[in-house]
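>>> this one's sequence-less:
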């Protein structure tokens, strides 16, 4: 019922237009870009009206948008605790409040990640049954895209939190892509005799035994992220952040080598002309814009963090992500599944025999 | 004294010629390749003489090599505990024993990693003051190469072990490259309000205060591995393994896209002809052979694990690494530094104020 209603009701997105590295211009342009590509929604822009008005008037398709003027902006250097105490009149705070009060169904911000997370938690609160939020990241693969979570909300996660991340990641992937049964894996190391921390093994057992509806594929390794072995890769925020940044660094390194190869000699430059279409496609693939947007899963509302340095195309990707999630019955689905899995989980206490064997064999 | 003597004494390397994915051929060819490129050493080959004899006779520059016949091979699927109990007549065991007994100064093996680690620990024992071994990996950067350790010997590491890894990594980088003061960083996440685990922060404090001779640069992030921000990146085996494999996966993904761009159209293929020199260089850079070889630091002897699927060029890289380390006074240097740092470390107990502040600010 709610699901069907959600699809038909008009969608309103709250846009924190300030706080990005290059000011509000790429944010407004990004929203306009998403509209030009087919997004249907209303927009509430939060920020400095004097800056926003001309940008919105100039943009196509944003005629029905409203501007909520705010005097202040959360700076990238502001501490989250400071924003919580004194940030009432910032664009980020007001945008979040509009979601809390139901004027908008989702918020997109390019601002300070820590402050956005703190405001999400204090204003929206957590979904019932979820202990902590998790931040998602999208990573390109030959098969499409993989979601990795958590990539930075928590430095540690216990076995129950990993299970909750898996449930949220699965629901997120479904909402984003429409894939009914996304495959899920727990990030681990490969060597048989030292397979992962105890708590990852426990989380795997719980997912296998208490969530039979999930297409849980067990453990995956770091290289499986780029391979696209599973749709959803689950880990704690420390490991996820390091895995993603290591992958980004390596992609940039190889991308730099490619550019060097293309520019090396006159012959190389000449040769590159013939390869223009292939190289354009390559550039698009390496472009992080198409995967921009990290969702704060677990809070009672849709919060999407766009990269502070995102261009219009990147902002459009984040805005589309917010719209996809706001249209789905994400929150109720997650709350329901977590409740069921955690109830079943209580009866899973004894470690499985096979895992004891692996432990005993370790030298 | 010992250092100088080490440089002048003839070097002998023990080669476990069996256990690689493609049998002994790439191993023998790899040793010959290293000799052709200038390596001066004696070689003791361990394995099946019937297979090894013709390969060695055929190869150039291996005339003085000796073969120690063994009847058995450690299989990739053998459990380390099984090898420890029943592996006395394997090529891996005998090669390790030759280092233990001083007939060789280093061992290189393409075989089962877990078994090689178990044999290293039981036969060679640990360097005084080192709790656990760490496995190194080399990663290419625009500046040269970065060493990452531990990449898989231990799933967890406490603050003292991270300090020991840093000391070993620094000495390893110096031995390998001749750089007198390699820079060292601890792998962490970036967000200010959730900076890493308590134990990483403690390890940073100990390195800063108790090892003033080290060029310690504090925390680095995942993308710093490929950037080459520091020479040595220190982390626990779980995080290191996932960081490296994530980076490898991403490099392979981008490499695949490049190949696609080059082969896409007739025009692209034609264009690629003009770029041949640049593309050859690119291929060399992406080729993992040049960075093949993981060293088991912390044991009383030089043990280098070559990838099971390494080609001759990859084996040569591992053999050269073994020779570089065997010629240096690595073990005594590490034991000496660890002793000094750990003595000073005892007086470092109170957490630094700045770090308490960061913790308090976290929401």
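Here it is on my side, so go on. These numbers come from a predicted model, not from an experiment. Residues are numbered from 1 along each chain as shown, chains lettered A, B, ... in the order given.
>>> which non-adjacent residue is nearest residue A:118?
Nearest non-adjacent residue to residue A:118, counting by Cβ to Cβ, 6 or more residues apart in numbering or on different chains: residue A:80, 3.8 Å away. (Each C-beta comes from the backbone N, C-alpha and C, glycine too.)
>>> pretty sure residue A:39 is in contact with residue A:320, am I right?
Yes: contact criterion Cβ atoms under 8 Å: residue A:39 and residue A:320 qualify, at 6.1 Å.
>>> I figured the residue nearest to residue A:118 hits residue A:120, correct?
No: contact criterion Cβ under 8 Å: residue A:80 and residue A:120 do not qualify, at 10.6 Å.
>>> got a list of contacts for stretch A:306-317?
With contacts defined as Cβ atoms under 8 Å, 6 or more residues apart in numbering or on different chains, stretch A:306-317 is touched by A:19-22, A:26-27, A:29-34, A:37, A:76, A:108-111, A:287-293, A:318.
>>> can you list the strands that the helix or strand residue A:303 falls within pairs with?
Using DSSP states H and E, the element containing residue A:303 is strand A:302-305. According to DSSP bridges, strand A:302-305 has the following sheet partners: strand A:106-109 (parallel), strand A:294-297 (antiparallel).
>>> hey, which of those is tucked in deepest?
The highest mean neighbour count among the strands paired with strand A:302-305, using mean count of other Cβ atoms under 10 Å in any protein chain shown, belongs to strand A:106-109: a mean of 29.
>>> how far is that strand from where the chain is centred?
Here the centre of mass of C-alpha atoms in strand A:106-109, compared against the chain's by Cα atoms, centre = their mean, to the nearest Å, lies 12 Å away.
>>> show the average pLDDT along the helix or strand following it.
Using DSSP H and E, the helix or strand that follows strand A:106-109 in sequence is helix A:113-119. What helix A:113-119 shows for mean pLDDT is 93.
>>> for helix A:113-119, name the packing helices and strands.
Under the contact definition 3 or more Cβ pairs under 8 Å, 6 or more residues apart in numbering or on different chains; DSSP states H and E, helix A:113-119 sits against helix A:80-86, helix A:91-100, strand A:302-305.
>>> out of these, which is the most enclosed?
Mean neighbours per residue, mean count of other Cβ under 10 Å, is largest over the helices and strands packed on helix A:113-119 for strand A:302-305, with a mean of 28.
>>> what residues sit buried inside the top helix by length along chain A?
Using DSSP state H to define each element, chain A has its longest helix at helix A:237-263. By neighbour count on 16 or more other Cβ atoms under 10 Å in any protein chain shown, the buried set for helix A:237-263 is A:237-255, A:257-258, A:261-262.
>>> now it against helix B:237-263, angle please.
With axes from the mean of the first three to the mean of the last three Cα atoms, to 10 degrees defining the directions, helix A:237-263 sits at 30 degrees from helix B:237-263.
>>> what's the single longest strand in chain A?
The single longest strand within chain A, with elements called by DSSP state E, is strand A:134-141.
>>> state the mean pLDDT of the following helix or strand past it.
Downstream of strand A:134-141, the next assigned helix or strand under DSSP H and E is strand A:144-149. The average pLDDT within strand A:144-149 is 94.
>>> strand A:144-149 - which strands sit beside it in the sheet, and in what orientation?
Applying DSSP bridges, strand A:144-149 is found paired with strand A:134-141 (antiparallel), strand A:232-234 (parallel).
>>> tally of neighbours for the residue nearest to residue A:334 when sequence neighbours are not counted?
Once flanking residues are discounted, residue A:334 sits nearest to residue A:171: 5.1 Å by Cβ to Cβ, 6+ apart. Using other Cβ atoms under 10 Å in any protein chain shown, residue A:171 has 24 neighbouring residues.
>>> what angle do strand A:144-149 and the one helix or strand residue A:171 maps to make with each other?
Element membership for residue A:171, per DSSP H and E: helix A:159-177. If you take the same axes, to 10 degrees, helix A:159-177 sits at 150 degrees to strand A:144-149.
>>> the helix or strand just after helix A:159-177 packs against which elements?
Going down the chain from helix A:159-177, the next helix or strand is strand A:183-187, by DSSP H and E. Strand A:183-187 is packed against helix A:159-177, helix A:198-210, strand A:215-220, helix A:222-227, strand A:232-234, helix A:237-263, with contacts defined by 3+ Cβ pairs under 8 Å, 6+ apart.
>>> swap in 10 Å and give it another go.
With contacts taken as 3 or more Cβ pairs under 10 Å, 6 or more residues apart in numbering or on different chains; DSSP states H and E, strand A:183-187 sits against strand A:144-149, helix A:159-177, helix A:198-210, strand A:215-220, helix A:222-227, strand A:232-234, helix A:237-263, helix B:237-263.
>>> got the residues of the stretch 1-150 of chain A near chain B?
Contact residues (Cβ under 10 Å from any Cβ of the partner chain) of the stretch 1-150 of chain A with chain B: A:77, A:79-84, A:112-115, A:117-119, A:121-122, A:135, A:139-142, A:148.
>>> could you list which of the buried residues of helix A:237-263 also contact chain B?
Within those, those near chain B by Cβ under 10 Å from any Cβ are A:237-255, A:257-258, A:261-262.
>>> that's a helix at residue A:60, yeah?
No: counting by DSSP: H, G, I helix; E, B strand; the rest coil, residue A:60 is not found in a helix; it is coil.
>>> wait, it sits on residue A:32?
Yes: contact criterion Cβ atoms under 10 Å: residue A:60 and residue A:32 qualify, at 5.9 Å.
>>> show me which of those two is the more surrounded one.
Set residue A:60 next to residue A:32 and count neighbours by other Cβ under 10 Å: residue A:32 wins out with 24 against 9.
>>> average model confidence for the helix holding residue A:171?
According to the model, helix A:159-177 has a mean pLDDT of 94.
>>> now stretch A:333-350
84.
>>> and stretch A:43-56, by the same measure?
96.
>>> now stretch A:131-138
For stretch A:131-138, mean pLDDT is 94.
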